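Visitor: turn this into a model:
(chains A and B)
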Amino acid sequence: MTANGILQIGIFMGLLLLLAKPFGGYMARIYEGDLPGFVRWFAPVERLLYRSCGIPPEDEMRWTRYAGAMAWFALLSVLAVYALQRLQGHLPLDPQHFGAVSPDSSFNTAISFMTNTNWQGYAGESTMSYLTQMLGLAVQNFLSAAAGMAVAIALIRGFARRTTETIGNFWVDMTRSILYILLPISLVLAVVLVGQGVIQNFAPYRTVALTDPVTYGQPQVGPAGNAVEDALGHPLIKQVTTDTQTIAMGPVASQEAIKELGTNGGGFFNANSAHPFENPTPLSNFLEMGAILLIPVALTYTFGRMVGDTRQGWAILGAMAILFAVGLATAEHYEQAGNPAFAALGVDQRASSLQPGGNMEGKEARFGIVNSALWATVTTATSCGAVNSMHDSYTPLGGLVPMALMQLGEVVFGGVGSGLFGMLVYAVIAVFIAGLMIGRTPEYLGKKIEAFDIKMASLVILIPPLLILGFTAIAVLLPSGQAGTLNPGAHGFSEILYAFSEGAANNGSAFAGLSANTPFYNLTIGLDMFFGRLWLMVPVLALAGSLAAKKRIPPGVGTMATHTPLFIALLVGTVILVGALTFVPADSLGPIVEHLNMIGAH
Amino acid sequence: MWKELRPAIIIFLVLSLITGIVYPALVTGIAQGLFPNRANGSLLVRGGKAIGSRLIGQAFSDPRYFWGRPSDTSPIPYDATASGGSNLGPTNPALIDAVKSRIATLRAADPGNDLPIPVDLVTASGSGLDPDISPAAALYQVPRVARARGLDPASVARLVRAHVTSRQFGLLGEPRVNVLELNLALDALRK
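Guide: Residues are numbered from 1 along each chain as shown, chains lettered A, B, ... in the order given. Sure thing, here's the model as predicted:
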């Protein structure tokens, strides 16, 4: 990698780590109800909100009620987003007159945005009205992120509290996440992004005159809307010349900011953050990547603060950082190395002061290799899934990095909230394994880990692989599953495996060559996302309830310290072991076979 | 059930109103006040007519102009109502064929030029709307553009160098050349 590349990455990660303590501390105070002075003036508004909704904020919930509230809220979200898409033709702010979205696509998108996945089978600028984007999709960017944060805080309370039945109030945790964390930061970020060139308007699409007219081949369409073919069965193409270009508009910046901050990732436009109107400059790119990682990184400090031992939070952050660094170095290396097939054609892929070089298919000139591979690692280490380059066109091992990060269960930083609770579940498994080795009852943060806790943790670890591998197996066996792949051979298999990996992991990025806007994929990926979210959150809340009810035992001589480098190594080892044992066979059939094909051919 | 559902419905509506109406309206108001040109697409206007956006690339194929990144939007290249990349995998024969044909087009338009072709000039961008190319890709095209316009190659190369956007703050992103702005400057040069 180039010296400038290392510097860009170093400054980016350095700034984030510096923000972890002040911002993580701020979040801890918000959730403990100890509002800092500069936001305390807003507390009356918050109280008014609870009163008008009939929510007593002091009303503590047991885990079952907490999970019930979350489930009701998820159901309402799905219904609202589905209805908005189906009815958008009759609602305002639809200047392009798109009309209703199909039922199966609406179902998939409603699940996708409720679960914080933000997988997109549709192309935003040719499907969704401004109202649907704003009142349906962007609202879910806030609400699903807030729900994830609430569940993480509930789990933290499970560790922090002792001998109590309750883990907090879902409505209060969620409302505070929005009012004090997500909304103010989004507002500032959105305005800064407009300053860089991200658009924010409600205008109809603009038509501009071209300097050099474009001639293109337009497939001929018969009277019934069917493609016309010649005697040999080839589609008839008519050459057409145009001297105008139509440019999509919309309220993009407001959605862009929360899309990154809430690790949602659903683009306003089809090309997502590769689109110059979503991500116009290197600075907008830097800020958007920072917004993706900010909350997941800082929540580790929030965790340490709330359980009364900040070293515990740093240990979790350390384990995440190690896994992240390995993924990043791999992706950067293979993307910069480029495509051997291009080299054979006499194409110059060397990095120099005049060009980024490397594998530029699917990447933007302003981001080059360094910021594309960094973004790909950031967006899949977290459960964001926004992309600034097309992962489907990555080199086989460069593309394996995002896939593997999702398959590890989105615990390397992870989604806002969901990443932290996922990693804490792995920590429970790690102390359990250590306990088995020395024959003692495992404990974590003074809580005895018992049979019920391990059952819940095991569910969280086992459900995603079951979904990913199960649905992939079904898709490759059925004609309607096979029909979707764009690329032949091993890469086509990778497209399917990637789709179900991102779904269960609630990531939402894609090997986008897969034609997934079909009833088969809309249904299967929809279910994949749904179970990958709610079937994890319920056992996590059950674990939180079980932990909260336990006594807190003081550490004894036989207690394993969980803030040491030894524990970090054990935690990293557990994540890799579980992930590798589960996914090596499947990944071998996709990216690894393709890599061997690629280097074998040259 | 109603006891739990009622607050859920009300708070859902209230939070939707705040984050789905008030928030985007507020951002729009501030954006239109502070950065009206950028909030509306960074449009370039010549003689009262919009001739493109500084941020959205256009398809150039005339040898007298610099060409941008190949665009895989379909069927019109650089279709700014249908953004997207090719999504072709690295070992897909269709990708290799596409690169071969782009190389052939570049070579045919500039027969004497045997320099290695910069990779970004033969690979499709992620958005299909990339407004930029690398400085290497611009300099590679100087001989063709100079000959087609009857200009001195050294003066065209100078124009390219003057249009290089360096890394932001000298640090972030990659050096690049905005193709539309460079071509507009070329046309202005002739007059």
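Visitor: wait, what's in contact with whichever residue of chain B sits closest to chain A?
Guide: Ranked by CB to the nearest CB, the top residue of chain B for proximity to chain A is B:G173, at 2.6 Å. From N, CA and C alone the C-beta is placed, and that goes for glycine too. By CB atoms under 8 Å, 6 or more residues apart in numbering or on different chains, the contact list for B:G173 reads A:281-283, A:285, A:366-368, A:371, B:167.
Visitor: repeat the analysis, applying 7 Å as the threshold.
Guide: Listed by CB atoms under 7 Å, 6 or more residues apart in numbering or on different chains, the contact partners of B:G173 are A:282, A:285, A:366-367, A:371, B:167.
Visitor: what sits closest to it if chain neighbours are left out?
Guide: Nearest non-adjacent residue to B:G173, counting by CB to CB, 6 or more residues apart in numbering or on different chains: A:P282, 2.6 Å away.
Visitor: swap in A:Y50?
Guide: A:P57 (4.9 Å).
Visitor: name the SS class of that neighbour, please.
Guide: coil (DSSP: H, G, I helix; E, B strand; the rest coil).
Visitor: wait, it touches A:F170, no?
Guide: No: A:P57 lies out of contact with A:F170 (CB atoms under 7 Å); the separation is 11.3 Å.
Visitor: higher neighbour count, those two?
Guide: Per other CB atoms under 10 Å in any protein chain shown, whichever of A:P57 and A:F170 has more neighbours is A:F170, with 28 against 16.
Visitor: relative to B:E181, how far out is the residue nearest the centre of chain B?
Guide: Central residue of chain B (CA atoms, centre = their mean): B:P131, 1.8 Å from the mean position. Separation of B:P131 from B:E181 (CB to CB, to the nearest Å): 8 Å.
Visitor: anything in contact with each of those two?
Guide: Listed as contacting both B:P131 and B:E181 by CB under 7 Å, 6+ apart are B:R54.
Visitor: so what's residue 178 up against?
Guide: Using chain A here. A:I178 touches A:142, A:146, B:15, B:19, counting by CB under 7 Å, 6+ apart.
Visitor: that's the other chain; I wanted chain B
Guide: B:54, B:131-132, B:163, B:165.
Visitor: those also near chain A: which ones?
Guide: The subset of the contacts of B:N178 within reach of chain A, by CB under 7 Å from any CB of the partner chain, is B:131-132.
Visitor: tabulate the contacts of B:N178 in CSV, adding columns for distance to A:L135.
Guide: Shown next, in CSV, are these (distance: CB to CB, whole Å):
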residue, distance to A:L135
B:R54, 30
B:P131, 31
B:D132, 34
B:H163, 42
B:T165, 37
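Visitor: tell me which of the contacts of B:N178 is nearest to A:G267?
Guide: B:P131 (17.9 Å; CB to CB).
Visitor: contacts only, for the closest one.
Guide: A:276, B:54-57, B:178-180.
Visitor: and the gap between the residue nearest to the centre of chain B and B:A185?
Guide: Using CB to CB, we find B:P131 at a distance of 14 Å from B:A185.
Visitor: domain assignment for the chain?
Guide: No chain in the question, so chain A it is. Per automatic domain parsing, the domain ranges recorded for chain A read A:20-203+A:251-281, A:206-247.
Visitor: that's the wrong chain, I wanted chain B
Guide: As recorded under automatic domain parsing, the domains making up chain B are B:1-40, B:43-189.
Visitor: in a helix, A:Q239, correct?
Guide: No: looking at A:Q239 with three-state DSSP, it is strand, so not inside a helix.
Visitor: what's opposite it in the beta bridge?
Guide: A:G217 (DSSP bridges).
Visitor: burial count for it?
Guide: 8.
Visitor: for it, give its distance to A:P219.
Guide: The value you get for A:Q239 to A:P219, if CB to CB is used, is 11 Å.
Visitor: likewise A:P44?
Guide: Taking CB to CB as the measure, A:P44 falls 61 Å from A:P219.
Visitor: more crowded one of the two?
Guide: For A:P44 versus A:P219, neighbours defined as other CB under 10 Å are more numerous around A:P219 (13 against 9).
Visitor: how about the nearest residue to that one once chain neighbours are set aside, what does it touch?
Guide: In space, and not counting its chain neighbours, A:P219 is closest to A:P235: 5.1 Å by CB to CB, 6+ apart. Residues in contact with A:P235 (CB under 7 Å, 6+ apart) are A:219, A:227, A:229.
Visitor: was I right about the first one contacting A:N226?
Guide: No: the criterion here is CB under 7 Å, and A:P219 misses it with A:N226 at 10.6 Å.
Visitor: any stretches of chain B with poor pLDDT?
Guide: Applying pLDDT under 70 to chain B picks out residues B:190-191.
Visitor: strands of that one, residue ranges please.
Guide: Under the criterion DSSP state E, strands of chain B are mapped to B:43-46, B:49-53, B:117-118, B:132-133, B:164-165, B:176-178.
Visitor: hmm, the second one touching chain A?
Guide: Yes: with CB under 7 Å from any CB as the criterion, chain A is reached by strand B:49-53 at B:49-53.
Visitor: B:V177 pairs with what?
Guide: Listed by DSSP bridges, the beta-bridge partners for B:V177 are B:I133, B:V164.
Visitor: so it sits against B:Y140, correct?
Guide: No: with contacts counted by CB under 7 Å, B:V177 stays clear of B:Y140, the gap being 11.2 Å.
Visitor: next, give phi and psi for the residue lying closest to A:Q8 once chain neighbours are set aside.
Guide: Computed as CB to CB, 6+ apart, the closest residue to A:Q8 that is not its neighbour in sequence is A:V370, at 5.8 Å. The phi/psi pair for A:V370 (degrees, to the nearest 10) reads phi -60, psi -50.
Visitor: how about A:Q200?
Guide: Residue torsions, per degrees, to the nearest 10, at A:Q200 are phi -150, psi 90.
Visitor: okay, helices next: where are they in the stretch 151-300 of chain A?
Guide: According to DSSP state H, counting those that start in this stretch, the stretch 151-300 of chain A carries its helices in the segments A:170-176, A:183-196, A:252-261, A:282-306.
Visitor: and the next helix or strand past the last one?
Guide: Using DSSP states H and E, the helix or strand that follows helix A:282-306 towards the C-terminus is helix A:310-337.
Visitor: for the record, mean pLDDT for the helix or strand just after that next one?
Guide: Counting by DSSP H and E, the next helix or strand C-terminal to helix A:310-337 is helix A:340-344. Across helix A:340-344, the average pLDDT comes to 93.
Visitor: surely the residue nearest to A:Q8 and A:I6 touch.
Guide: No: look at A:V370 against A:I6 with CB under 7 Å: they stay out of range, at 8.7 Å.
Visitor: who's more crowded, the two?
Guide: The neighbour comparison of A:V370 against A:I6 (other CB under 10 Å) goes to A:V370, with 26 against 12.
Visitor: residues in contact with residue 136?
Guide: Looking at chain A here, since you left the chain open. Contacts of A:G136 by CB under 7 Å, 6+ apart are A:80-81, A:84-85.
Visitor: correction: the question concerned chain B.
Guide: B:A136 is in contact with A:352, A:354-355, B:118, counting by CB under 7 Å, 6+ apart.
Visitor: and the residues you listed, which are buried?
Guide: With neighbours counted by 16 or more other CB atoms under 10 Å in any protein chain shown, these contain buried members at A:354-355, B:118.
Visitor: which among these gets closest to A:L345?
Guide: B:P118 (12.8 Å).
Visitor: bridging residues for that closest one?
Guide: Judged by DSSP bridges, the bridge partners of B:P118 are A:D348.
Visitor: neighbours around B:G41, how many?
Guide: A count of nearby residues for B:G41, using other CB under 10 Å, gives 27.
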